[in-house]
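In: predicted model follows, preceded by the sequence.
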Amino acid sequence: MKEKVLVIAGPTAVGKTDLSIKLAKELNGEIISTDSMQIYKYMDIGSAKITKEEMCGVPHHMIDVVDPSTPFSVADYKEMAQKCIDDIISRGKLPILTGGTGLYINALTCNMNFTEAENDLKYRSELEELAEKHGNEYIHNMLKDIDPISYKEIHYNNRKRVIRALEVYKLTKKPFSSFNAGEEFYNGPYDVSYYVLNMDREKLYNRINLRVDIMMEKGLLEECIKLKEMGYNSSVQSMQGIGYKEIFYYLEDKISLNEAVEMIKQGSRNYAKRQLTWFRRDPRAIFLDKDIFSEDEIFKRIVGELLP
């Protein structure tokens with residue numbers, strides 16, 4: 001019999017954190033972050049990282065696990081987080097995957113293949129050079145004819161993943177998107193209960209805008225200045241995250257601070273839209289609309305469906 005895993009997903013700023021803590025307390029669970037920014041140390045404000053106090057004593061995993069200068073792939077995440085899941089289950093507790101990075105959730109709960117293609121480091125560096133010279137959209141457009149699915153699904157600013165998709169096609173002559181397709185894809189190693197929180201788009205966008213203002217008040221600019229003093233710049237993979245790359249552009253005198261803040265808000269709203277598109281594609285996802293159900297009703301429904 002497959003072991004139970006609970007997933008609490010949803011777009012940025014929808015309110016996943018509070019619900020996951022309540023559920024962990026009620027269901028004897030521990031939380032594994034499925035957020036591709038919260039894995040990095042020293043990047044707290046811009047990633048909306050949960051504080052020790054906010055954890056309310058609930059153990060959290062996959063937060064602050066890697067230095068911002070360390071390259072970190074989805075395969076690396078899977079290897080590390082899988083050990084956390086196994087450990088939580090071995091102690092008779094429920095793993096609760098919480099976060100908005102759908103790819104991380106799939107890496108842990110689906111039959112995902114990361115290893116079929118080898119590396120071509122020379123081609124990779126050629127693509128890096130092209131992106132530096134002509135911009136991220138230039139290499140992203142190279143996907144259009146060879147892998148239209150990846151072209152549509154991978155954002156052009158996710159340079160690392162665009163390059164990987166091009167590299168996989170060069171090595172295998174198969175589209176990157178074809179490696180994780182087919183009906184067996186969702187038949188993963190666990191018995192997954194997958195919930196996605198959602199709300200009216202205007203309300204969500206207002207929450208996102210407010211959250212960015214709060215991040216600035218909490219010291220996002222100062223956090224980025226500190227990261228710059230530590231030797232990081234906007235070209236480092238970890239600094240490509242929304243909230244960091246825009247402030248780094250400001251620190252590098254490319255844009256004004258007001259422009260940076262507006263870009264963060266716009267980038268976050270666009271990201272929320274892409275997240276919802278991703279989750280809607282997953283046949284396992286049960287959407288819970290916060291405009292229809294109260295927080296308490298959502299909590300009781302999930303608990304009722306998980307407890308025997």
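Out: Yes, it's here.

In: tell me the pLDDT of Glu183.
Out: Here the pLDDT value assigned to Glu183 is 64.

In: swap in Ser33?
Out: Note for Ser33: predicted pLDDT of 98.

In: how about it, what does it touch?
Out: By Cβ atoms under 8 Å, 6 or more residues apart in numbering, the contact list for Ser33 reads 39, 60-63, 98-99. Where you see a C-beta, it was placed from the backbone N, CA and C, and this is true even at glycine.

In: hmm, which two among the residues you listed are most spread apart?
Out: Largest separation among the contacts of Ser33 by Cβ to Cβ: Ile39 and Thr98, giving 13.4 Å.

In: coming back round to it: considering the contacts of Ser33, which is situated nearest to Asn157?
Out: So of the contacts of Ser33, ranked by how close each gets to Asn157 (Cβ to Cβ), first place is Ile39, at 18.3 Å.

In: could you look up the SS state of the residue lying closest to Phe248 once chain neighbours are set aside?
Out: With sequence-adjacent residues excluded and distances taken as Cβ to Cβ, 6 or more residues apart in numbering, Phe248 is closest to Ser234, at 3.8 Å. Secondary structure assignment for Ser234 (DSSP: H, G, I helix; E, B strand; the rest coil): coil.

In: for Ser234, give me its contacts.
Out: Taking Cβ under 8 Å, 6+ apart, we find Ser234 in contact with 240, 244-245, 248-249, 252.

In: among those, which one has the most neighbours?
Out: Tyr244 (26 neighbours; other Cβ atoms under 10 Å).

In: quick check: buried residues in stretch 64-71?
Out: Buried residues in stretch 64-71, counted by 16 or more other Cβ atoms under 10 Å: 65-66, 68.

In: from Phe279, how far off is the nearest residue to Ile50 once chain neighbours are set aside?
Out: Nearest residue to Ile50, sequence neighbours excluded (Cβ to Cβ, 6+ apart): Thr17, at 5.8 Å. Noted for Thr17: a distance of 17 Å to Phe279, by Cβ to Cβ, to the nearest Å.

In: likewise for Tyr186?
Out: To Phe279, Tyr186 is 13 Å away according to Cβ to Cβ.

In: compare those two (neighbour count), which wins?
Out: Comparing Tyr186 with Phe279 by other Cβ under 10 Å, the one with more neighbours is Phe279, at 23 against 15.

In: what's the more buried one sitting at in phi/psi?
Out: Dihedral pair for Phe279: phi -70, psi -30, per degrees, to the nearest 10.

In: got the contact list for it?
Out: 9-10, 102, 196, 285, 287.

In: buried ones in stretch 203-215?
Out: 204-205, 207-209, 211-212, 215.

In: which residues does that stretch contact?
Out: 11-14, 45-46, 48, 198, 243, 261, 264-265, 268-269, 272, 291.

In: may I have it as CSV, with CA atoms only?
Out: Coordinates of the C-alpha atoms in stretch 203-215 are reproduced here as CSV (Å, rounded to 0.1, in the frame of the first residue of the first chain):
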residue,chain,number,x,y,z
LYS,A,203,-8.2,39.9,-4.9
LEU,A,204,-5.1,37.8,-5.4
TYR,A,205,-3.4,40.5,-7.4
ASN,A,206,-4.1,43.0,-4.7
ARG,A,207,-2.7,40.7,-2.1
ILE,A,208,0.4,40.2,-4.3
ASN,A,209,0.9,44.0,-4.6
LEU,A,210,0.5,44.5,-0.9
ARG,A,211,2.9,41.7,-0.1
VAL,A,212,5.6,43.4,-2.3
ASP,A,213,5.0,46.7,-0.4
ILE,A,214,5.4,44.8,2.9
MET,A,215,8.7,43.1,1.6
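
In: mean confidence score for that stretch?
Out: Averaged across stretch 203-215, the pLDDT comes to 98.

In: same check, this time on stretch 299-308
Out: Across stretch 299-308, pLDDT averages out at 94.

In: give me the distance from it to the chain's centre.
Out: Centroid displacement of stretch 299-308 relative to its chain, using Cα atoms, centre = their mean, to the nearest Å, is 26 Å.

In: contact partners of that stretch?
Out: With Cβ under 8 Å, 6+ apart, stretch 299-308 has contacts from 4, 6, 19, 22-23, 26-27, 94, 193, 195, 288, 293.

In: so Leu197 lies in a strand, does it not?
Out: Yes: Leu197: assigned to a strand according to three-state DSSP.

In: before I go, just wanted to say thanks for your time.
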